[in-house]
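>>> Just the structure for this:
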Amino acid sequence: PAGGTFSFTTGNGILPTWSAEDIVLVGVSPGSVVTTSTGTTARVSLPIVAKTGTANAAAGGFRLSNTVTGESVRCSNPVIDTRARLVDCVLADGTNADLFTIAAITSRSRVAGSSTITTIFRGVRLRINGQEMADMLNEALGTYAFSPSVTIGTGDLIVTRDR
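Purely as a prediction, here's the structure:
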């Protein structure tokens with residue numbers, strides 16, 4: 001077991017680009033998505049519930065939906081693996097997909113308490129994991145808005161576990 005949060009804020013231009021293509025980002029409980037009043041960025045927050053090695057499992061997730069067609073891609077129970085540098089999602093059909101790649105981690109630190117250890121990863125930069133994943137998202141959502149060369153967002157991973 002573990003606790004903590006994985007959160008990221010969408011990069012400049014991401015939300016406006018998706019909005020122009022009728023794509024919205026929605027939280028899946030207990031995860032959440034909060035959009036700024038200007039609609040220029042959104043913050044995705046997911047609770048961490050387990051840790052195995054470098055893999056950190058989150059509860060809930062998020063969904064990318066096309067508001068015109070009703071099509072969506074749901075990322076459930078993401079696993080954030082800091083060594084493999086991937087964010088793996090369970091899709092609606094039950095298959096797994098490495099939706100994001102972790103392009104960079106700005107800093108890592110560890111805080112040891114008397115009974116717990118907290119690991120903090122700051123500046124976790126996310127991109128779509130390659131052209132195949134971008135093509136899957138574009139096809140599923142009827143758009144051309146997804147590209148592996150664009151930073152989707154940057155955030156933090158904070159995980160606390162018992163010693």
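
>>> Against which helices or strands is the lengthiest helix in the chain packed?
Taking DSSP state H as the criterion, the chain has its longest helix at helix 130-141. Packing contacts for helix 130-141, counted by 3 or more Cβ pairs under 8 Å, 6 or more residues apart in numbering; DSSP states H and E, involve strand 61-66, strand 72-81, strand 96-112. Any C-beta I mention is one placed from the backbone N, CA and C, and that applies to glycine too.

>>> List the beta-bridge partners for D162.
Beta-bridge pairing for D162 (DSSP bridges): T116.

>>> give the contact list for it.
Shown in contact with D162 (Cβ atoms under 8 Å, 6 or more residues apart in numbering): 1, 115-117.

>>> Nearest to F100, out of those: which one, please.
Checking these against F100 by Cβ to Cβ gives P1 as the nearest, at 24.3 Å.

>>> So which of the contacts of D162 is surrounded by the most neighbours?
I117 (15 neighbours; other Cβ atoms under 10 Å).

>>> Touching, it and R110? I think so.
Yes. In terms of Cβ atoms under 8 Å, I117 counts as a neighbour of R110; the distance is 6.4 Å.

>>> So what's the residue count around A145?
As a burial measure, A145 scores 20 neighbours (other Cβ under 10 Å).

>>> wait, doesn't it sit right on L25?
No. Contact criterion Cβ under 8 Å: A145 and L25 do not qualify, at 11.6 Å.

>>> okay, and the common contacts of these two?
Between them, A145 and L25 share the contacting residues W18, judged by Cβ under 8 Å, 6+ apart.

>>> re the thing from before, want to throw the contacts of D162 into CSV with pLDDT and distance to S65?
Converted to CSV, the contacts of D162 look like this (pLDDT from 0 to 100; distance: Cβ to Cβ, whole Å):
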residue, pLDDT, distance to S65
P1, 88, 32
S115, 96, 42
T116, 97, 38
I117, 96, 38
